[in-house]
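Student: Next one to model:
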Amino acid sequence: MDTVHKIGRRKTAVARIYLSEGKGNITVNKKDFKSYFTTGTLQYKVQQPLMLTENLTSYDINVNVYGGGVTGQAEAIRLAITRALVAINEEHRAVLKPEGLLTRDPRMVERKKFGQKKARKKFQFSKR
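Tutor: Residues are numbered from 1 along each chain as shown. Here you go, the predicted structure:
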């Protein structure tokens with residue numbers, strides 16, 4: 001099997017993954033993913049598509065991720081892994097699609113408007 005290269009995005013985070021056959025090692029920015037994502041929730045998010053398709057020890061994954069925060073980065077990696085698994089075996093789509101893992105989350109931060117405190121919040125009106 002060749003190395004599969006896929007990209008996942010979430011908010012402003014972009015993850016490029018290189019998936020190849022191996023023992024289940026996941027490396028994020030040249031660190032072990034458990035030291036990069038310290039909480040169990042984020043580690044679960046990264047491994048979720050591998051767990052659902054029962055491929056936790058089948059592939060080695062090398063990830064380059066930048067932008068956004070840790071949650072956005074974990075979800076970007078999850079999308080990229082999902083896309084790679086579907087590219088390898090189309091039958092994985094039936095398992096991953098109902099979980100919503102193939103959908104790119106389009107929600108982005110709304111920009112701050114001129115004359116306002118934030119995107120929606122206004123300056124306080126004072127009657128003096």
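Student: So the residue most central in space within the chain, which state does it fall into?
Tutor: Most central in the chain under CA atoms, centre = their mean is A76, positioned 1.9 Å from the mean C-alpha point. Following DSSP: H, G, I helix; E, B strand; the rest coil, A76 is assigned to helix.
Student: gap between E110 and R120?
Tutor: Computed with CB to CB, to the nearest Å, the distance linking E110 and R120 is 7 Å. (C-beta placed from N, C-alpha, C; glycine too.)
Student: Q48 now?
Tutor: Q48 is 32 Å from R120, by CB to CB.
Student: And the two? Which one has more around it.
Tutor: Q48 (18 against 9; other CB atoms under 10 Å).
Student: does the more buried one really touch R78, like I thought?
Tutor: Yes - assessed by CB atoms under 8 Å, Q48 is found in contact with R78 at 5.9 Å.
Student: Tell me the bridge partners for V4.
Tutor: V4 has the following beta-bridge partners by DSSP bridges: L19.
Student: mind listing what's buried in stretch 62-69?
Tutor: The neighbour-count criterion (16 or more other CB atoms under 10 Å) identifies N62, V63, V65, G68 as the buried residues of stretch 62-69.
Student: which residues are contacting that stretch?
Tutor: For stretch 62-69, contacts defined as CB atoms under 8 Å, 6 or more residues apart in numbering pick out 10-18, 20, 26-29, 33, 73, 76-77, 80.
Student: 6 Å instead, please
Tutor: Under the contact criterion CB atoms under 6 Å, 6 or more residues apart in numbering, stretch 62-69 has outside partners K11, T12, A13, V14, A15, R16, I17, Y18, T27, V28, Q73, I77.
Student: Would you map the helices across this structure?
Tutor: Counting by DSSP state H, the chain forms helices over residues 33-36, 40-52, 70-88, 93-96, given from the N-terminal end onward.
Student: Quick one: closest of these to H5.
Tutor: Between H5 and the helices of the chain, the tightest spacing by CB to CB is seen for helix 70-88, at 8.0 Å.
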